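K.L.:
coords please:
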Amino acid sequence: MSESTKSLPTQISNLARRRWLASGSVGVAAAGLAGLQQNAIAQAVATTATASPAAKPLPSYVSWKDSSALIVHSSGTIETRRSAFGTSVITPAEQLYVRNNLPAPDASIIANRDAWELQIEGVKRPATLKLQQLKRMGLETVTAVLQCSGNGRGLFPSKPSGTPWQIGAAGCVVWSGVPVRALIAALGGVADGMVYMTGTGGEKLPEGIDPKSIMVERSVPLKALDEAILAWEMNGAPLPLAHGGPLRLIIPGYAGVNNIKYIKRLAFTTEQTEANIQKHGYRISPPGQKGDATHPSVWEMNVKSWINSPAPETGDIPAGDTLIQGVAFGGMHAVKTVEVSVDGGKTWKAARFIGPDMGKYAWRQFVLAVRLDAGNYTIACRATDSQGQVQPEARAENAGGYNNNSWKDHAMQINVVAA
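P.N.:
Purely as a prediction, here's the structure:
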């Protein structure tokens, strides 16, 4: 199941949906949640089919963010403007996108961060540990791209249901926390026969419905534990509530939905979770089909790049010398090269990386200096990772609008005028 609005039960009004998300409340059983089963997640997270770039007020739980850098699609889906990414590698917290499958828990959970508890199962010595204890078990810092699996959905000509993200449902973030492998080693190792690592979010759920129908619980292949961390710090500061504080599972290279916010349970299991967000949601399903367990799950990210400047939102560009700037990342592998085209992909020139290399999971910024005469141009970029995988021209069509890394879809029209 995706962020689709098509699968909503007809008896649940859009108004009830919006009120629940806007309030951050879970007391909505009377609005009809009791009847939801497989479609409950979609009801909780559905957003408008289109979003205006006109400024909307930020929800209270993210009032500290920079509203001028963001596009508010809904109270749970907020995008970074293309022109706001700037020329630094790291995305500041106040500019980072927001994507919440459920309303954030009450802010009281970060009042005493060290008291937050994590239950660990599927290991030789299961345990429940407080964050204070986790902080003594190991420390690692990783810079990694956080990207919503629907980033680029708005570029699908078929216009799949859900938030019409362009390029701003992504950011490059420095995470700090305990490596999962260190935690597991301290607990005797993973129990025999386990195949998946499953994280469960700590959002408060409405009463009167099957928790599996709406809870945020995702399973990933066991190998993901090698690089995963349980993060309590983001960009050098305590993890904000809006981004999963006090504790979040971070799996570098994996799409955002797998990076469980407010994680309260980490389990090693023989099967994938039965939660709808896993069983039916976030699946690469053929167009027109509902997701099911036979379709590939949205796990690892693919090689991708896009241009941030010049941006159409900044208006016409004066003729003459122009710097084309953007970001590129390889998903599970380091990005190796980026090429830029000013003629819609007919010819390509190698761009130059700028700024520090912060590891294979981080994005690299690139720049290409060009001289443009007055006229209309289609500018595009394509990245190649260290394994030789090239960003494709065409998108992989799917019902949910996931994993769009097509360079052609991300190409932009710019107008250059005489100086």
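
K.L.:
Please name the residues that touch T347.
P.N.:
When contacts are counted by CB atoms under 8 Å, 6 or more residues apart in numbering, T347 touches S341. C-betas here are computed from N, CA, C, even on glycine.

K.L.:
State the distance from it to E339.
P.N.:
9 Å (CB to CB, to the nearest Å).

K.L.:
now do M358
P.N.:
22 Å.

K.L.:
Provide a list of residue ranges in the protein with pLDDT below threshold.
P.N.:
1-54 (pLDDT under 70).

K.L.:
Of M358 and E339, which one has the most company?
P.N.:
Neighbours were counted for M358 and for E339 using other CB atoms under 10 Å; E339 has more, 22 against 17.

K.L.:
is it true that the more buried one touches W348?
P.N.:
Yes - using CB atoms under 8 Å, E339 is in contact with W348, at 4.0 Å.

K.L.:
list residues touching both of these two?
P.N.:
R382.

K.L.:
can you list contacts of stretch 189-204?
P.N.:
Contacts of stretch 189-204 (CB under 8 Å, 6+ apart): 26, 101-106, 109, 122-124, 180, 184, 215-222, 224-225, 228, 249, 258, 260-273.

K.L.:
so how far is the first residue of that stretch from its last?
P.N.:
Start and end residues of stretch 189-204 are separated by 30 Å (CA to CA, to the nearest Å).

K.L.:
cool, and stretch 345-358?
P.N.:
29 Å.

K.L.:
now do stretch 242-249
P.N.:
Using CA to CA, first and last residues of stretch 242-249 are 14 Å apart.

K.L.:
just how off-centre is it within its chain?
P.N.:
Stretch 242-249 has its average C-alpha position 13 Å from the chain's average C-alpha position, going by CA atoms, centre = their mean, to the nearest Å.

K.L.:
Repeat that for stretch 122-140.
P.N.:
26 Å.

K.L.:
Sort out which residues of that stretch are buried, please.
P.N.:
When neighbours are counted by 16 or more other CB atoms under 10 Å, the buried residues of stretch 122-140 are found to be 122-123, 129, 131, 133-135, 138, 140.

K.L.:
nearest residue to A328 other than its sequence neighbours?
P.N.:
S305 (3.5 Å; CB to CB, 6 or more residues apart in numbering).

K.L.:
does that neighbour sit in a helix or strand, and which one?
P.N.:
Applying DSSP states H and E as the criterion places S305 in strand 304-309.

K.L.:
Which strands border that strand, and is each parallel or antiparallel?
P.N.:
Strand 304-309 has the following strand partners under DSSP bridges: strand 320-329 (antiparallel).

K.L.:
partners of the helix or strand just after the partner strand, with directions?
P.N.:
Using DSSP H and E, the helix or strand that follows strand 320-329 towards the C-terminus is strand 335-341. If you go by DSSP bridges, strand 335-341 pairs up with strand 349-350 (antiparallel), strand 375-385 (antiparallel).

K.L.:
related to what we said a few turns ago, show me how to select, in ChimeraX, the buried members of the contacts of stretch 189-204.
P.N.:
To isolate the buried members of the contacts of stretch 189-204 in ChimeraX, using 16+ other CB under 10 Å:
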select :26,101,102,103,104,105,109,122,123,180,184,215,216,217,218,219,220,224,225,228,249,258,260,261,262,263,264,265,266,267,268,269,272,273
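
K.L.:
taking the contacts of stretch 189-204 one by one, which sit in strands?
P.N.:
Counting by DSSP state E, the contacts of stretch 189-204 place 217-221, 249, 263-269 in strands.

K.L.:
Find the pair from these with maximum spatial separation.
P.N.:
P221 and K264 (21.5 Å; CB to CB).

K.L.:
any idea how far I78 is from the spatially most central residue of the chain?
P.N.:
In the chain, the centroid-proximal residue (CA atoms, centre = their mean) is C148; its distance is 2.4 Å. Note on C148: its distance to I78, by CB to CB, is 11 Å.

K.L.:
all helices of the chain, in order?
P.N.:
Counting by DSSP state H, one finds helices in the chain at the ranges 14-23, 40-45, 131-134, 180-186, 276-279.

K.L.:
Residue ranges of each domain in the chain, please.
P.N.:
14-279, 304-417 (automatic domain parsing).

K.L.:
what's the straight distance from one end of the shortest one to the other?
P.N.:
What it means is domain 304-417. Domain 304-417: ends 30 Å apart by CA to CA.

K.L.:
Then stretch 130-150?
P.N.:
33 Å.

K.L.:
Over to stretch 99-110?
P.N.:
Span of stretch 99-110 from end to end, CA to CA: 19 Å.
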